[in-house]
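Trainee: Let's see this in three dimensions:
(3 chains)
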Amino acid sequence: MNIKLKVAHQEPEHDFDVPGFIPGGFADHSTPLVRNCWYVAARSSDVSRDIISRRLLGVDVALYRTLAGEVVAVRNRCPHRSFPLAKGKLVGDILVCGYHGMQFDPSGRCVNMPAMPITPTNANVRSFPVVERAPLIWIWMGEPDAADESLVPDTHWLSDPEWKSVGDTFHMKSDYVSMHENLLDQTHFPFLHPGAIGTPEYARSRLKVRVEGDVVVIDRELRNSPPPGVYGVPTGLTGKPVDRFSEARFVSPALHTAYARIIDNDDPSGQPRTYRFNITHIFTPETNGSIHYWWFCSRNFKLDDKAIDEHLYAASSKAYQEDVDALEWILETVSNDTEPQFDLNFAPDKPGLLMRQILYRLAGEEAGHVG
Amino acid sequence: MNIKLKVAHQEPEHDFDVPGFIPGGFADHSTPLVRNCWYVAARSSDVSRDIISRRLLGVDVALYRTLAGEVVAVRNRCPHRSFPLAKGKLVGDILVCGYHGMQFDPSGRCVNMPAMPITPTNANVRSFPVVERAPLIWIWMGEPDAADESLVPDTHWLSDPEWKSVGDTFHMKSDYVSMHENLLDQTHFPFLHPGAIGTPEYARSRLKVRVEGDVVVIDRELRNSPPPGVYGVPTGLTGKPVDRFSEARFVSPALHTAYARIIDNDDPSGQPRTYRFNITHIFTPETNGSIHYWWFCSRNFKLDDKAIDEHLYAASSKAYQEDVDALEWILETVSNDTEPQFDLNFAPDKPGLLMRQILYRLAGEEAGHVG
Amino acid sequence: MNIKLKVAHQEPEHDFDVPGFIPGGFADHSTPLVRNCWYVAARSSDVSRDIISRRLLGVDVALYRTLAGEVVAVRNRCPHRSFPLAKGKLVGDILVCGYHGMQFDPSGRCVNMPAMPITPTNANVRSFPVVERAPLIWIWMGEPDAADESLVPDTHWLSDPEWKSVGDTFHMKSDYVSMHENLLDQTHFPFLHPGAIGTPEYARSRLKVRVEGDVVVIDRELRNSPPPGVYGVPTGLTGKPVDRFSEARFVSPALHTAYARIIDNDDPSGQPRTYRFNITHIFTPETNGSIHYWWFCSRNFKLDDKAIDEHLYAASSKAYQEDVDALEWILETVSNDTEPQFDLNFAPDKPGLLMRQILYRLAGEEAGHVG
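Mentor: Below you'll find the predicted structure:
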């Protein structure tokens, strides 16, 4: 099936770089979750010597740190009698089940079963590969052999001293497909976020979409136009014509990044000055109908200006809360409806549909349904 | 199957006008809902320029009024990305989706999609025929072609200046089958509504049941007997022998009406005086296990007497609350029970069983299972 | 299948009296409930002239006492229109339905249907055999013909004047299989109940397990060792070496008993003195995922010592609350997990596994799946 068949109207201003014929369908909230992917399990500050549990891709995971500070993630279910291991305790680096005292080292291997004279060393609890890239802890819930640390996506600006970030967390009843589609679709800005982000000129600006492997990228540029408030206030460029380049990127099922460069060609220094904003959206499905959502808004200028922190936090929080509300209403509507519906698709939906085809294909490959 | 086979005992005092052999079974709470029927969507006062949503027969419907005051009902789900349209806004008579600003006129036709240069006029949201007969707004959720305004049932007394009504609303966890059966069954009065409605003489009075097409009617007459309190107090005839004629009518899946005439043959005027009460019971399934229930108690005398309003409201509310409680307990019992049960049927259940056969046949015809 | 195949390690210190080859599998929380068994419906003090309802093995049961004080248990659903009979009323010994006034005698037989001129004496509501052995009321929810009062298990110490009992009730979201397994497994004591019950010497003491028909018994003896606090405080023998004999018994799906004898061979009387404790654990499934749990701790000495009552109540309550919490967490874990798990079994699990085989076989026999 060619995606063009699903689009009601061709939007001639947009220039899509679609890699030819794409077979298969579009993921939605009911599509099996893609597991072979690095997801964020927690923020670094969430995990300590107090064991916590968190449901990730439908699996309860217990998370703690060793004495040396390494993060450990194991299935939160003792292999003996299913006691939730996060309700146990740590003795040094050893996780002790709270029911029969069965002990597991950080690799998940049983190192003692008090009820037995000989340690059943072939017993173990599944342990999950984790990689900490502060402030994030990434986890691999998929095929253990496929866990490749080099695939952890780049989010270095979250810890780079050249950048300053604000951010927050939502636990929401939605699905990552809809959230990714929301972020690849900028035509909703003036309606769901009136007055907040986007300007009429931006909405009309030329859009380029390209697919690079399993990544979808939207590029946009807008020259000689005042920035929207969310960027104008921090830069002090409100009302001043600037050049603006932005990229929205579906990096993986776990990550969407949005980069913006605001270029002031009339900087008092006499040289063009570039202001950069990197927005990071992180999704980890809890189940097919709920997700952990972390966002960060990072900038590379005026790092110590608390007023800018507050402005960006307030403006971002408001907009993302509007997204959260809308996407929760939508999943509730879709879940409760007893009538069938076949969504209409329009040209601006193409980036989202491309992403949904990728998610569909990845899920299908994992399920062995696609060759 | 002949209905007589299902009845444990033939009650010889009653005279049933059963139209011979009736094939098919009896609807219960799990039978598919009859859709080709005018149901009440809301009271007139519920619908305004503020969009509301209400689940009717399992479908979320958005309801609003045009600037001219016409009621509009459309599916509460945008055909593009399923945003609940009631969360959008009205611009004049146009309903604007809150996600991407897609616009629909009162007929449900798309009149603008801001993200598109050309309006996708073949796009639309399903609109439902509505007919306002104040204080009620009727809606047709069935086959669009079958919507015939002449089939909206008569409830003129609810707006006729010759009548005065009191009423109220319940949102209850029950099913319309059980509620209709309750209303066609008057043998429960002394037990579920002790002292409130019905008298021993009335319970023993002669009953005539007839089926007219898909309508079931029970007629009863009782001569020279004092009225029950609910009728005695408003008429001032407590304790005085009167003639009483009553009709209980299963009008449609949406409506049960009960008419009572109290005739005082010893009126001070020297002429027999007739007092009339029309009781209106309206049911709209929300789902198979919950209904919207509106009731009205109307009279054609002493229209301005507030004390009578209060008496009828209090007496009716108490009795209908008892019905609501009982029917909710029953559905909860039936839904939670893990043991099979085959209900016993007795002769006084015949009107209800006739109604349940009609609902069963109508649902079957809609499902195409009955020729 | 031989149970030994399922055990990871053979514990050589333990001496199992396993009756050879045991075919079949192991019950778990999802196994159909065994119905042909006397279960406790209520404590004697729960049932009076006020009708109560309680869900037992998935069936709602109405419970009341006749004027003579006999306990009556009938299905809490009228055979006519499913009204919950516990919402009706008692007239003498007759249970009157609150909907149409249908009347049932204590055997469940209909003795009057007011809407009918002739009583439909073939109508009835299912009545359940009950046997009161104060403070317990036992009920038979299985095949009526199999109800044999002689099978009501012995709990005479709960009413014997030679004994004094304290006890309490939990309504918990767990299953009887896991609770019985918990009680047949004493290796969890130091971990789930640290410091409370069991001592290191006791945990190492020799264990004998035997199966007698459908009963599993664990015997343990420990000589010349100080008792744990729960027994030491009441007896005044804290720190003093005593002999200790204990038995844990899976009596039936409804009952686990634990007897302990503490023998002070150095009693001031010059004769060995025996102190006895009988612990009674009673389980009645409400559903497959919730149970009514009653426990009693009985002793045969210092019957009037309130301080001992308080000590035993406090110590027992604490320990059983820990069991309740753990078993609820486990069922929640098992129920929510989307990943498969095959529990590891160790040698100390043998008593529990034997019990689970019995439950499995009994359930299978009732289902007709086992010859």
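
Trainee: how about the residues of the stretch 251-371 of chain A that lie near chain B?
Mentor: A:326, A:329-330, A:332-334, A:336-339, A:341, A:343-348 (Cβ under 8 Å from any Cβ of the partner chain). Placement of C-beta: from N, CA and C, glycine included.

Trainee: Give me the buried entries from those.
Mentor: A:326, A:329-330, A:332-334, A:337, A:344-348 (16 or more other Cβ atoms under 10 Å in any protein chain shown).

Trainee: So which of those is the closest to C:His180?
Mentor: A:Glu332 (41.4 Å; Cβ to Cβ).

Trainee: Make sure the closest one is indeed in a helix.
Mentor: Yes - if the criterion is DSSP: H, G, I helix; E, B strand; the rest coil, then A:Glu332 is within a helix.

Trainee: any idea how far it lies from chain C?
Mentor: 21 Å (Cβ to the nearest Cβ, to the nearest Å).

Trainee: need the contact list for that residue.
Mentor: A:173, B:84 (Cβ atoms under 8 Å, 6 or more residues apart in numbering or on different chains).

Trainee: repeat for A:Ala86
Mentor: Counting by Cβ under 8 Å, 6+ apart, A:Ala86 touches A:51-53, A:60, A:62-63, A:76.

Trainee: helix, strand or coil for it?
Mentor: Going by three-state DSSP: A:Ala86 is helix.

Trainee: Ok, A:Ala73 next?
Mentor: Going by three-state DSSP: A:Ala73 is strand.

Trainee: give me the number of residues near it?
Mentor: 25 (other Cβ atoms under 10 Å in any protein chain shown).

Trainee: unless I'm mixing things up, it is touching A:Glu132, no?
Mentor: No - at 10.7 Å, A:Ala73 and A:Glu132 do not qualify as touching, with contact defined as Cβ atoms under 8 Å.

Trainee: Name the next helix or strand following the helix or strand hosting A:Leu90 along the chain.
Mentor: Using DSSP states H and E, A:Leu90 sits within strand A:89-91. Note on strand A:89-91: by DSSP H and E, the next helix or strand toward the C-terminus is strand A:94-96.

Trainee: And the residue of the stretch 201-350 of chain A that's closest to chain B?
Mentor: At 3.9 Å from chain B, A:Thr338 is the closest residue in the stretch 201-350 of chain A, using Cβ to the nearest Cβ.

Trainee: Which positions in the strand holding A:Leu90 come out as buried?
Mentor: Neighbour counts over strand A:89-91 (16+ other Cβ under 10 Å) mark A:89-90 as buried.

Trainee: for that strand, the distance to its chain's centre please.
Mentor: Counting by Cα atoms, centre = their mean, to the nearest Å, strand A:89-91 is centred 32 Å from the centre of its parent chain.

Trainee: Provide the secondary structure category for A:Asp219.
Mentor: strand.

Trainee: can you pull the contacts of it?
Mentor: A:207-210, A:245-247.

Trainee: May I have the beta-bridge partners of it?
Mentor: A:Lys208, A:Glu247 (DSSP bridges).

Trainee: Show the pLDDT at it.
Mentor: In this model, A:Asp219 is scored at 95, pLDDT.

Trainee: in the stretch 201-350 of chain A, which spans are strands?
Mentor: A:207-212, A:215-225, A:242-252, A:255-264, A:273-287, A:290-299 (DSSP state E, counting those that start in this stretch).

Trainee: In contact with A:Ile330, which residues are there?
Mentor: With the criterion set at Cβ under 8 Å, 6+ apart, A:Ile330 makes contact with A:174, A:178, B:81-84, B:99.

Trainee: mind running it again at 6 Å?
Mentor: Contacts here follow Cβ atoms under 6 Å, 6 or more residues apart in numbering or on different chains; on that basis A:Ile330 touches B:82-83.

Trainee: ok so, going back, how about the nearest residue to the residue of the stretch 201-350 of chain A closest to chain B, chain neighbours excluded?
Mentor: Setting aside the residues directly before and after it, A:Thr338 is nearest to B:Gly58 in space (Cβ to Cβ, 6 or more residues apart in numbering or on different chains), at 3.9 Å.

Trainee: separation between that neighbour and C:Thr155?
Mentor: If you measure B:Gly58 against C:Thr155 using Cβ to Cβ, to the nearest Å, the figure is 52 Å.

Trainee: Just want to know which of the two has more residues nearby.
Mentor: Neighbour count, other Cβ under 10 Å: between B:Gly58 and C:Thr155, C:Thr155 has more, with 23 against 16.

Trainee: Just the pLDDT for the more buried one.
Mentor: What the model reports for C:Thr155 is a pLDDT of 98.

Trainee: Next: A:Ser205.
Mentor: Reading off the model, A:Ser205 has pLDDT 73.

Trainee: Could you do A:Asp60 as well?
Mentor: pLDDT at A:Asp60 comes out at 97.

Trainee: if we can go back for a sec, now for the buried ones among the residues of the stretch 251-371 of chain A next to chain B, which pair is the farthest apart?
Mentor: Of all pairs in these, the most separated under Cβ to Cβ is A:Glu332 and A:Ala347 at 27.7 Å.

Trainee: and the most centrally placed residue in chain A, what is it in contact with?
Mentor: Closest to where the C-alpha atoms of chain A average out (Cα atoms, centre = their mean) is A:Ile282, at 2.1 Å. Listed by Cβ under 6 Å, 6+ apart, the contact set of A:Ile282 reads A:40, A:255, A:294.

Trainee: could you dump those to JSON lines with pLDDT and neighbour count?
Mentor: Output for those, formatted as JSON lines (pLDDT from 0 to 100; neighbours: other Cβ atoms under 10 Å in any protein chain shown):
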{"residue": "A:Val40", "pLDDT": "98", "neighbour count": "22"}
{"residue": "A:Leu255", "pLDDT": "98", "neighbour count": "24"}
{"residue": "A:Trp294", "pLDDT": "98", "neighbour count": "18"}
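
Trainee: between those residues, which is closest to chain C?
Mentor: Nearest to chain C among the contacts of A:Ile282, with distances taken as Cβ to the nearest Cβ, is A:Val40, at 19.7 Å.

Trainee: doesn't A:Ala134 make contact with that closest one?
Mentor: No - A:Val40 lies out of contact with A:Ala134 (Cβ atoms under 6 Å); the separation is 11.8 Å.
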